[in-house]
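J.: curious how this folds, go ahead:
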Amino acid sequence: MSSKKTESIKSIAVIGEREIVMGYRLLGVEDTFVVNDKNEAVKKMDELFASHKYNLVIASQFVQDSLSQSTKSKIESSIDPLVLFMPSLQGAIHEESIAALAKRVLGIKY
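T.: Numbering: from 1, shown residues only. The predicted model follows:
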């Protein structure tokens, strides 16, 4: 593998409540971050998003709900890193539709 290609390989990060993060840690994801309150969630998401260290950031619905509308808009328009929000294990579920996800990731509208 060339060194140029190696430099482009990034990793996956998971951020959220302990129950969600532990599941990914058991699957082998090394960069997992437990957040306990909204301020911590916002701070860690900003840090991960700006680090340019990850291709994919998986965040819980709690993290999504903690972000300001402007931050959500910035994250939802990004493909590097791509941020996917996981539905909560409890309460109301706010899933991103397949159409919205395709538009965000692929830039296509149908």
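J.: all contacts plus neighbour counts: C-alpha atoms, from now on.
T.: OK.
J.: tell me the pLDDT at residue 8?
T.: We note a pLDDT of 58 for residue 8 in this prediction.
J.: repeat for residue 58
T.: Looking at residue 58, its pLDDT reads 94.
J.: tell me the first helix or strand C-terminal of the helix or strand encompassing it.
T.: Using DSSP states H and E, residue 58 falls within strand 54-60. Following strand 54-60 in sequence order, the next helix or strand is helix 61-66 (DSSP H and E).
J.: neighbours around residue 24, how many?
T.: Neighbours of residue 24 under the rule other CA atoms under 10 Å: 17.
J.: repeat that for residue 66.
T.: Residues near residue 66, counting by other CA under 10 Å: 17.
J.: what do you get for residue 68?
T.: Neighbours of residue 68 (other CA under 10 Å): 11.
J.: ranges for the helices of the chain?
T.: 3-8, 18-26, 38-51, 61-66, 69-76, 98-106 (DSSP state H).
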